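**Q** show me how the following folds:
(one chain, ligands or ions: 2)
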Amino acid sequence: MPATDTVRIPLPDHRDYEIRIGAGLLDEPGSWQGLPRAGAAVVVSNETVAPLYAQRLRERLLAAYPRVDLVVLPDGERHKDWASLNRICDHLLAEALDRRTVLFALGGGVIGDMTGFAAAIYMRGVPFVQVPTTLLAQVDSSVGGKTAINHPLGKNMLGAFYQPVRVIADLDTLDTLPQRELCAGLAEVIKYGPIADAGFLDWIEAHLDALLARDKAALAHAVRRSCEIKAAVVGQDEREQGLRAILNFGHTIGHAIEAGLGYGEWLHGEAVGCGMVLAADLSRRLGLVPEGFVERLRALVARAGLPVVPPRLGAERYLQLMRVDKKAESGAIRFVLIESPGRAGLHAVPDALIAETLAAHGAA
Ligand code: NAD
Ligand code: GLY
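**A** Ligands and ions are numbered 1, 2, ... in the order given. Below you'll find the predicted structure:
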């Protein structure tokens, strides 16, 4: 069994925090020691994850907090909205919980993003802890402080930068994750190779079968290396003034797929996987990477069980959706493109070239 790994997110103003990664961390008393003291803790989860893990977490937290409440939300990306956010706030207000109350986000990225947003706005900010239970959440969404809900007109359009005080990534929780969700998480793992670490890309190619078979040592390495890369990026550019945008490789088209099909039709990771293939192809069309690199990435994404052919929404619809992307500037759509394996940058891309790429992949 691999030992616990700790990755630190370096942030100013004493806001730096630890990501602890390992098997069995949910039941490890140390995971829950040294957190902000409060009269109450509130575990926020959903109807799928709560029956699996909420009781165990509550029992551990009762050693540290006199009162531990549970808020259970409906499951799914389509519930990442005002109604669910309100349910968290309704509970906090109805129970008159004070500004020391600590929230615990127990679930995947949807629960993590919404709980973080609730923590950011309740009484102008209460502490929260991320307890990610999907691979995607362990390698990406629980780390770095982006919190949000969706709007029908755009993904993650309403939110705040608000950092957790700790992240506890228990690899054992991945045992119950459906295979499709594991594959979706692999998209965000793969992402870190092309944007930041060509050696990690080689490692993922070599260990993909082990990851798909949920080998704990392979998962531990994938989660740790992903978090290290994300920590380094967030530590330099917490609020995405520049560098942090590279973490959105594959997300411009990915978000358009999610919003265009209706949230939840394709999983976030599936949309990102396919978006990375198209963004790599755009990079090739701009002369940044050779065809061989695009094929390499396409093959890896496909091997990870992810779709590589985008839905046929039509070029106009894609362009309309991508204009509300947060990276767009004065109407110009900007993409994270691969400049060489392991290095990425933000580039404005003409609509005509985007339309050409979409058509070449059957999306138009
Ligand atoms: P998710 O939260 O919807 O979880 C996927 C599914 O797995 C859900 O049905 C959930 O109930 C279930 N589940 C979770 N843990 C489980 C477990 N251990 N066993 C069994 N079932 C389990 O999806 P996700 O892929 O974790 O997260 C996607 C979301 O994360 C998107 O909304 C995306 O926008 C967001 N995201 C945010 C960031 C960020 O930086 N904040 C980064 C990437 C993605
Ligand atoms: N997932 C993109 C980011 O955290 O910036």
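
**Q** how about the longest helix along the chain: buried residues?
**A** Within the chain, and with DSSP state H defining each element, the longest helix by residue count is helix 216-236. When neighbours are counted by 16 or more other C-beta atoms under 10 Å, the buried residues of helix 216-236 are found to be 216, 218-231, 233-235. All C-beta spots, glycine's among them, are computed from the backbone N, C-alpha and C.

**Q** up against ligand 2, what does this structure have?
**A** Residues of the chain found near ligand 2 (C-beta under 6 Å from any ligand atom) are Asp140, Gly144, Lys146, Arg244, Leu247, Asn248.

**Q** any chance of those residues in a markdown table, with neighbour count, pLDDT and distance to Asp27 too?
**A** Rendered in a markdown table, the data for the residues of the chain next to ligand 2 read as follows (neighbours: other C-beta atoms under 10 Å; pLDDT from 0 to 100; distance: C-beta to C-beta, whole Å):
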| residue | neighbour count | pLDDT | distance to Asp27 |
| --- | --- | --- | --- |
| Asp140 | 28 | 98 | 24 |
| Gly144 | 25 | 98 | 26 |
| Lys146 | 24 | 98 | 29 |
| Arg244 | 17 | 97 | 34 |
| Leu247 | 25 | 98 | 31 |
| Asn248 | 24 | 96 | 35 |
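
**Q** between these, which sits nearest Ile9?
**A** In terms of C-beta to C-beta, no member of those lies closer to Ile9 than Gly144, at 7.2 Å.

**Q** list the contacts of that closest one.
**A** Contacts were defined as C-beta atoms under 8 Å, 6 or more residues apart in numbering; by that measure Gly144 touches Ile9, Gln163, Lys230, Val234, Glu238, Arg244, Leu247.

**Q** look up the closest residue to the residue most central in space within the chain, ignoring the ones flanking it.
**A** Per C-alpha atoms, centre = their mean, the C-alpha nearest to the average position across the chain is that of Ser141, at 2.8 Å. Excluding its sequence neighbours, the residue lying closest to Ser141 (C-beta to C-beta, 6 or more residues apart in numbering) is Gly109, at 3.5 Å.

**Q** phi, psi of the one you found?
**A** In terms of degrees, to the nearest 10, the main-chain angles of Gly109 are phi -60, psi -30.

**Q** what's the local residue count around it?
**A** Counted with other C-beta atoms under 10 Å, residues neighbouring Gly109 total 26.

**Q** same check on His255?
**A** Applying other C-beta under 10 Å, we find 26 other residues in the vicinity of His255.

**Q** equivalent analysis for Glu291, please.
**A** With other C-beta under 10 Å as criterion, Glu291 counts 10.

**Q** got the phi and psi for it?
**A** phi -50, psi -40.

**Q** can you pull the residues of the stretch 201-350 of the chain lying near ligand 1?
**A** Proximity of the stretch 201-350 of the chain to ligand 1 is assessed by C-beta under 6 Å from any ligand atom, with His268, Gly269 identified as the residues in range.

**Q** okay, the contacts of Gly144 in JSON lines with distance to Cys274 and secondary structure next?
**A** As requested, the contacts of Gly144 are arranged in JSON lines below (distance: C-beta to C-beta, whole Å; DSSP: H, G, I helix; E, B strand; the rest coil):
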{"residue": "Ile9", "distance to Cys274": "29", "secondary structure": "strand"}
{"residue": "Gln163", "distance to Cys274": "30", "secondary structure": "coil"}
{"residue": "Lys230", "distance to Cys274": "21", "secondary structure": "helix"}
{"residue": "Val234", "distance to Cys274": "25", "secondary structure": "helix"}
{"residue": "Glu238", "distance to Cys274": "28", "secondary structure": "coil"}
{"residue": "Arg244", "distance to Cys274": "22", "secondary structure": "helix"}
{"residue": "Leu247", "distance to Cys274": "17", "secondary structure": "helix"}
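
**Q** need the max-distance pair from these.
**A** Of all pairs drawn from the contacts of Gly144, the widest gap by C-beta to C-beta lies between Gln163 and Leu247 and measures 15.2 Å.

**Q** might you name the residue of the stretch 201-350 of the chain sitting closest to ligand 2?
**A** Leu247 (3.7 Å; C-beta to the nearest ligand atom).

**Q** pLDDT on stretch 166-184, on average?
**A** Across stretch 166-184, pLDDT averages out at 98.
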